[in-house]
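Colleague: sequence and computational prediction follow.
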Amino acid sequence: MFTGNGIKIFSGTSHPELAEIIARRLGVPLGRAEVTKSGIGESHVRIIESVREDDVYIINTGCGQVNTSLIELCIMIHACKIASAKRITAVVPLFPYARQDKKDKSRAPITAKLVANMLQKSGCDHVITMDLHASQIQGFFDVPVDKLYAEPSAIQYIRNNFDLQNVVIVSPDAGGAKRATSIADRLGVDFALFHKERKKANEVSRMILVGHVKDKVAILVDDMADTCGTLCLAASHLSEAGAARVIGLVTHGILSGNALKTVSESTLEKLVVTNTLPQEENAARCPKIEVVDIGNVLAEVIRRSHNGESVSKLFNEVPY
């Protein structure tokens, strides 16, 4: 039984639509907060209602003006901390700077670790995120991190929309093989992957398909789609290999630069993304974009966290 007593949900400016979906699902009003920007670009936050001894959840995702979203989140956490909130949870569906998770060159920063430090120093007691680009980011924190998976929602979408006898799950690179094989195993379908050879960073010179996709519905799965270059190149190779249909299925649809044009001109029949980031404008500009709502998953993990229940059930099931 969820009563909503002692819980407050606030939203930054990065994705208020998702915050409203979560609050509506939980049956609690969205907390009142003013988040504005001064003429010189400083973020101003004012929490309008009392949070004393409350369990506070602040929703802000890493998209758009990422640096603004991050500093907003830190300021809101700090504002609630010094207003005597009992516990503060940062709900960050797309963790900012998640791709800067290791020192891969001389003098390179580990920015994801810096972000973790910023959130903790602001007063964050708990973090909820989804499909981290690198799982080791959880180890950058000294507070609990609940990393949710979009996999159950992806599996439900595939079961509802395709004949599994004709489906093959494809990973666009070796790094995503674990994710793709997990989905393929749970669906009981075949699996294929691409081996990429790069001339330099962000430029793929050759992709080699390992597996059979002829006359199949090839579903490319990945954690994020940014410029969509690799995804669309993989789709082209799948079509050349005889795939009957090619579908993209990703968690975080960043879709930066010319991504929408690239997707429109590709052999992808559709690109399915979740709403960890705002997608209304992207869906309006590109008819190939389809959005899967994961607000119910985030709402359920907040409910379970507030009530002190296990969240591991959500790693395998979609809440109803």
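Modeller: Yep, that arrived.
Colleague: and residue 318, what is it in contact with?
Modeller: 152-153, 156, 296-297 (CB atoms under 8 Å, 6 or more residues apart in numbering). Where you see a C-beta, it was placed from the backbone N, CA and C, and this is true even at glycine.
Colleague: write the ChimeraX selection for whichever of those residues are buried.
Modeller: In ChimeraX, a selection of the buried entries from the contacts of residue 318 looks like this (16 or more other CB atoms under 10 Å):
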select :152,153,297
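Colleague: hey, which helix or strand in this structure has the poorest pLDDT?
Modeller: Least confident helix or strand, the chain: strand 203-210 with a mean of 76, by mean pLDDT, DSSP states H and E.
Colleague: domain-wise, how is the protein divided?
Modeller: Following the assignment in automatic domain parsing, the chain carries domains at 7-149+295-315, 151-292.
Colleague: ranking the ones you listed by mean pLDDT, which is last?
Modeller: Looking over those, mean pLDDT reaches its minimum on domain 151-292, with a mean of 92.
Colleague: need the helices for the stretch 101-250 of the chain, in chain order.
Modeller: For the stretch 101-250 of the chain, applying DSSP state H, counting those that start in this stretch gives helices covering 111-122, 151-161, 177-187, 229-240.
Colleague: show me where the chain has strands.
Modeller: In the chain, the segments counted as strands under DSSP state E are 7-11, 33-37, 43-47, 55-59, 87-92, 126-130, 145-148, 167-171, 190-200, 203-210, 217-225, 245-253, 270-274, 289-292.
Colleague: kindly export the fourth one (C-alpha atoms) in CSV.
Modeller: This points to strand 55-59. The C-alpha trace of strand 55-59 is given here as CSV (Å, rounded to 0.1, in the frame of the first residue of the first chain):
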residue,chain,number,x,y,z
ASP,A,55,11.9,11.4,1.6
VAL,A,56,12.8,13.6,-1.4
TYR,A,57,13.3,12.5,-5.0
ILE,A,58,14.7,14.9,-7.5
ILE,A,59,14.3,14.0,-11.2
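Colleague: tilt between it and strand 7-11?
Modeller: Orientation check (axes from the mean of the first three to the mean of the last three CA atoms, to 10 degrees): strand 55-59 against strand 7-11 gives 20 degrees.
Colleague: elements contacting strand 55-59?
Modeller: In terms of contacts (3 or more CB pairs under 8 Å, 6 or more residues apart in numbering; DSSP states H and E), strand 55-59 is packed against strand 7-11, helix 16-26, helix 66-81, strand 87-92, helix 295-307.
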